[in-house]
Each structure stands twice: as structure tokens, then as C-alpha cells.
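Peer 1: could you work out the structure for the sequence below:
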Amino acid sequence: MTAPADELEPVRAELLRAARAAADAVLDRARADAAGALLAARAEAGAVLARARGLGEADGAGQAERERVRAAQRAWETELAVRAEVYAALRAEVREGVRRALAREGAVARSHLADVARAALGRGAEVTAAAQGGVTAEAPGRRVDLSADALADRALDRLGVRAETLWGPP
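Peer 2: Model (predicted):
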């Protein structure tokens, strides 16, 4: 009975060799496919990373531009606040200067301002001395303010756009 077993041995050996060769071929193809898939995945990951980097740079540039705009707005707000403070201080100084000048001139200044008020409103205008200097006058339906503060404010208002020179270099 050994003969039938010996006759099948070459067939078995050939089948085993063919199976191993087929398995090795499948394993080689699987390894090649895995290597190809790995290369493709790395390339795709690199492309995704590059796109993400580009989007991040664009987003960062947008964010930087927004921050630059906010900083410029804050700087402008600060400059306007400082200008307002300086202008208020200037207004206070001019008012005080006009008050001092009217106080120095005393009755002469009051008389002159009363004449100006009557010229504007008519001889029947009621002229009153203002507390801080100068006068106010009233006639039916009309009023003239020639007080020290009003005179100072009108003088500053007449500067108009020339007041911008206050913010420029000397």
C-alpha cells in the first residue's frame, strides 16, 4: 500500500509548491499594494497639509488685517479723544483770557458791548451785565449774547478748519 502514497507525494508536493508560490505572489502583491497605498496616503496627507497650511495662512492674513484695522481704529479714537481734550483746554483758556481782558477794561468794555447789542437789537433792547464779563441783551423775540464765554466760543468757532493746524507740527 505504500505505492499509492508514493504516487501522490509528487502531486502533493507540486500542489504545496504551487500553493506556496501563489501565497507568495499574493503576499508580494499585497505588500506592493500596501506600499502603493501608503505612498498615495502620504501624498494625499501632504496635499491636505499644504491646503490646510494655505488656508491657515489666508486665515492668519485675514485675522492680521482685521487686527490692523482694529488697531488703527483704536489709535484714531485715542487721537480724537486727545484732540477733544486739547480743544476743551484751549476753549477754557480762551474763555479765561476773554474774561480777564473784559475785567481789565471794566466799564469801557461793558459800555462798548452794550452799544453793539443795541445796534443789533435796537435802542429799546434791555442790556444786562453777564456774570463772567460782557453783556446779554434782549428785545421782543430776539436775544444777543455778548458774554465773555460766548465771545470766546465764537472766536474759536471762526477758526473753522484752521483749527486743524492745532494738531499739526508747529
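
Peer 1: mind naming the longest helix for the protein?
Peer 2: Assignment by DSSP state H gives helix 2-105 as the longest helix of the chain.

Peer 1: next, the angle helix 2-105 makes with the following helix or strand past that helix.
Peer 2: Following helix 2-105 in sequence order, the next helix or strand is helix 107-121 (DSSP states H and E). Using axes from the mean of the first three to the mean of the last three CA atoms, to 10 degrees, the direction of helix 107-121 lies 110 degrees away from that of helix 2-105.

Peer 1: how close does the spatially most central residue of the chain sit to residue 20?
Peer 2: Most central in the chain under CA atoms, centre = their mean is residue 70, positioned 1.9 Å from the mean C-alpha point. In this view, residue 70 and residue 20 are 72 Å apart by CB to CB, to the nearest Å. In short, each C-beta sits where N, CA and C put it, glycine included.

Peer 1: any stretches of this structure with poor pLDDT?
Peer 2: Judged by pLDDT under 70, the chain has its weakly predicted residues at 1-5, 11-12, 15-16, 170.

Peer 1: state the three-state secondary structure for residue 146.
Peer 2: Assigned with DSSP: H, G, I helix; E, B strand; the rest coil, residue 146 falls in the strand class.

Peer 1: isn't it up against residue 135?
Peer 2: Yes - because the distance of 5.1 Å satisfies CB atoms under 8 Å, residue 146 is recorded as touching residue 135.

Peer 1: pull up the overlap in contacts between the two.
Peer 2: Counting by CB atoms under 8 Å, 6 or more residues apart in numbering, the residues touching both residue 146 and residue 135 are 113, 117.
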